[in-house]
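# Build me a model from this:
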Amino acid sequence: MKKILFLVAASALMVACGQKGQTSGAANGGDSAATAADSLVYEGQLPGGDGTFNTRLALAQDSTNGFSLTETSTKDSAAAAPKTGKFEAVQSKDAKGFKLVIAQDDVRYFLQKNDSTLSLVGDSTLTPAASGMNYDLKLKK
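This next block holds a predicted model:
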């Protein structure tokens with residue numbers, strides 16, 4: 001059952017950013033429900049060097065392996081441009097997760113804690129942060 005759910009989640013990641021050069025209807029003020037229907041959307045607040053960031057990660061549910069990552073500082077309400085790219089499923093000894101390639105020098109790893117939670121981790125070992133801070137994104141329903 002977990003393998004099936006992981007495959008579904010991986011497929012969802014692929015759908016998010018399959019069409020380069022086009023913005024989603026939700027980004028243009030359209031219906032966000034349509035975007036959520038073909039993507040898995042995770043949201044949460046992640047700690048950063050300059051404060052906390054409202055983070056939204058949409059993972060495509062098709063074969064494109066696309067994603068859209070938006071991070072907005074809680075100090076500055078201006079929304080940053082979404083970062084898009086391709087993701088791939090990764091696995092360490094006992095953990096599964098996703099590798100998001102934003103740029104050649106900007107790669108993020110997310111540990112899949114369960115069916116509804118992703119946690120930002122430091123590297124491909126998928127080891128949770130030892131700081132005790134909350135790096136979790138929850139599936140938006």
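
# Count the neighbours of Thr127 for me.
14 (other CB atoms under 10 Å). (Glycine included, C-beta is placed from N, CA and C.)

# ditto for Ala60
For Ala60, using other CB under 10 Å, the count is 25.

# same check, this time on Ser39
Neighbours of Ser39 using other CB under 10 Å come to 26.

# so it makes contact with Leu59?
Yes - contact criterion CB atoms under 8 Å: Ser39 and Leu59 qualify, at 6.1 Å.

# With Pro82 as the reference, measure out to Leu46.
15 Å (CB to CB, to the nearest Å).

# per-residue confidence for the residue nearest the centre of the chain?
Centroid-nearest residue in the chain: Leu57, 3.4 Å away (criterion: CA atoms, centre = their mean). You'll see Leu57 listed with a pLDDT of 96.

# Likewise for Gln61?
88.

# Low-confidence stretches in the protein?
1-37, 78 (pLDDT under 70).

# what about Ser92, how many neighbours?
15.

# Now it: closest residue in space, sequence neighbours ignored.
Nearest residue to Ser92, sequence neighbours excluded (CB to CB, 6 or more residues apart in numbering): Leu126, at 4.5 Å.

# Now do the helices in the protein.
2-15, 32-37 (DSSP state H).

# Can you name the residues in contact with stretch 126-134?
44-47, 90-92, 95-97, 109, 111, 119-122, 135 (CB atoms under 8 Å, 6 or more residues apart in numbering).
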